[in-house]
Structures are given as C-alpha cells and as structure tokens.
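1. give me a model of this one.
(chains A and B)
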Amino acid sequence: MTNKLSLRVEGERHVIVTRYFRAPPEAVFRAHTDPALVQQWMLGPEGWTMPVCICEARPGGKIRYEWSNGKGGGFHLTGEFVDLVAPSKIVHVERMHLPEPTPDNHIETRFERDGAGTLMTMRMTLPDAETRKRMLATGMEHGMEASYVRLDRLAVPGTARR
Amino acid sequence: MLELAKPFRMSQPAISQHLKVLERAGLITRRVDGARRPCRLAPAGIDSVDRWLRVLRRALSRNYERLDELLAKTAAIRNQEES
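-> Numbering: from 1, shown residues only, chains lettered A, B, ... in the order given. The predicted model follows:
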C-alpha cells in the first residue's frame, strides 16, 4: 500500500482526503488527539511552529492551534470536537482566522485498520455556495488570496529543499 | 445555451441544471442578451478554488510526512520498551 496522499473534490461542497500510515489506528488516532503530538507534525509548510496547541479531545472540547513563522507572522485556527470514537473516528468543526474567521469547515476523519497500518479518510464539508458568495461580496476572499500567496511563497523553498 | 448543449448528449433542461450549479458555485457568470443567456468562465472563482486546493494539498502532504516520521519514532520506542 502506497502512502501517497489523495485529494479529490466531491460535488460542490466536499473534499475527500485519503492517506495510508504504517502504524495501527490507535497510534494514528493518538497523534490526532494528543496536543503534545499534534504540535510536532501539524505545522503546514516548512519553517512554521505551533507555540499554542489546545486540543481537548472530548465532545464539545475546544481546539485552538496557533502557528508562528518565527518572524512575527502567524495565524490561528479555532474549533470544537463534535464526536470521538477511539481509535476509529473524529468529528470536528474548525475555522481559520486570517484574521477574519473563515466559514466553518466540518470535518469527519476515519481511521480503518488496513493490514499492519491505517487507512485514513478525511471528509471535509465546505461552506455552501451562498456563503462563499457572501465571502466574495465582503471582500474576505482578498484576505484569503493574500494568505494563499504568502503560503505559496513560504512553501516553495521548502519544496525545493526536498 | 443551445450552443453549449450541442456537443453533449444531454437534454437542454439537464444542461441548464448543470449551468445553474456552476453559476451558484461562482465558476461561471451569465448575462441576459435578448433571448440569449451567454455564459462566461469566472477565472477568479476557479483560481481561488484551485489555489486553495493546491495550498491544502501541499500543507497536508508535508504534515503527513512529518506524522510518518513521528509514528515511526513512537513505534521504535514502543518496541524498545517491549523487548
């Protein structure tokens, strides 16, 4: 089984991400719910750290991840856990603050045992077309565009190094 | 719309439905020109979706490579403890 990331769009509002890990579901689930572990890998492009990681893994529990590029740049994400079934399922809601909050992204993550490893399937439900249109109308898209460009720029050197 | 429908084996109402979905998603714009409803691709809409997906893919790819390393490390520690 390859551990290549697959990302596909389903319909108008869903993004499905699948990825295989060479570790049992218990370990992969823990890496998604133990803040001391999340802090070590959920960092996005090269050069970023997560100085603040709040991850209360229980229904209703808070999520707050703060990223920093060490040069005064940063942004954060907040969210709430909706449902957790160890080691097979996590349902949560999250939004980015750029600094304006993006509409809620509803995410269901499943971990299935696959031989000695785990197949992860993450299903994101994005804001509906109406909400997206409102985002455009309020000009928030421009803020997001700028962030994308920043991320793009930041990510390029990391890619080149590999 | 008739011109758009021509290459497809679909009825006009079916094409009309598809166009409505694209318009709602901000991927095309349509205007009224007499009896015609010319459609136009909305590059901004497509760009922002594409760009967002590209950034997401890149961030996730890097995240999961780091997670692979972390999982390998914790497995090694566990094996040491067990042996």
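
2. helix, strand, or coil at A:Arg123?
-> Following DSSP: H, G, I helix; E, B strand; the rest coil, the label given to A:Arg123 is strand.

3. and it, what are its bridge partners?
-> A:Ile16, A:Glu108 (DSSP bridges).

4. quick check: it touching A:Asn105?
-> No. The pair A:Arg123 / A:Asn105 is not scored as a contact, 10.8 Å apart, by Cβ atoms under 8 Å. Heads up, the C-betas are built off the backbone N, CA and C, glycines and all.

5. now the strand or helix carrying A:Thr118: buried residues?
-> Following DSSP states H and E, one finds A:Thr118 within strand A:117-125. Across strand A:117-125, burial judged by 16 or more other Cβ atoms under 10 Å in any protein chain shown covers A:117-120, A:122-125.

6. redo the residues you listed as a markdown table? Include pLDDT.
-> Converted to a markdown table, these look like this (pLDDT from 0 to 100):
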| residue | pLDDT |
| --- | --- |
| A:Gly117 | 93 |
| A:Thr118 | 95 |
| A:Leu119 | 96 |
| A:Met120 | 96 |
| A:Met122 | 94 |
| A:Arg123 | 94 |
| A:Met124 | 89 |
| A:Thr125 | 86 |
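
7. same for the helix ranked longest in chain B, what does it pack against?
-> Counting residues, the longest helix found in chain B (DSSP state H) is helix B:43-82. Counting contacts by 3 or more Cβ pairs under 8 Å, 6 or more residues apart in numbering or on different chains; DSSP states H and E, helix B:43-82 is packed against strand A:6-10, strand A:14-21, helix A:25-33, helix A:35-41, helix A:140-161.

8. mind doing that once more with 10 Å?
-> strand A:6-10, strand A:14-21, helix A:25-33, helix A:35-41, strand A:117-125, helix A:129-137, helix A:140-161, strand B:28-30 (3 or more Cβ pairs under 10 Å, 6 or more residues apart in numbering or on different chains; DSSP states H and E).

9. hey, least reliable of the ones you listed by pLDDT?
-> Sorting the helices and strands packed on helix B:43-82 by mean pLDDT places helix A:140-161 lowest, at a mean of 44.

10. name the next helix or strand downstream of the helix-or-strand element of chain B with minimal mean pLDDT, please.
-> Least confident helix or strand of chain B, by mean pLDDT, DSSP states H and E, is helix B:2-5 with a mean of 68. Using DSSP H and E, the helix or strand that follows helix B:2-5 in sequence is helix B:12-24.

11. quick one: work out the angle between that next one and helix B:43-82.
-> Going by axes from the mean of the first three to the mean of the last three Cα atoms, to 10 degrees, helix B:12-24 is angled at 70 degrees with respect to helix B:43-82.

12. with just CA atoms, put helix B:12-24 into PDB.
-> Output of helix B:12-24 as PDB, limited to C-alpha atoms (Å, rounded to 0.1, in the frame of the first residue of the first chain):
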ATOM      1  CA  GLN B  12     -31.500  21.200 -22.600                       C
ATOM      2  CA  PRO B  13     -33.100  21.200 -19.100                       C
ATOM      3  CA  ALA B  14     -30.200  18.900 -17.900                       C
ATOM      4  CA  ILE B  15     -27.600  21.400 -19.300                       C
ATOM      5  CA  SER B  16     -29.500  24.200 -17.800                       C
ATOM      6  CA  GLN B  17     -29.300  22.500 -14.400                       C
ATOM      7  CA  HIS B  18     -25.500  22.000 -14.700                       C
ATOM      8  CA  LEU B  19     -25.000  25.600 -15.600                       C
ATOM      9  CA  LYS B  20     -27.100  26.700 -12.600                       C
ATOM     10  CA  VAL B  21     -24.800  24.700 -10.300                       C
ATOM     11  CA  LEU B  22     -21.700  26.200 -11.900                       C
ATOM     12  CA  GLU B  23     -23.200  29.700 -11.600                       C
ATOM     13  CA  ARG B  24     -24.100  29.200  -7.900                       C
END
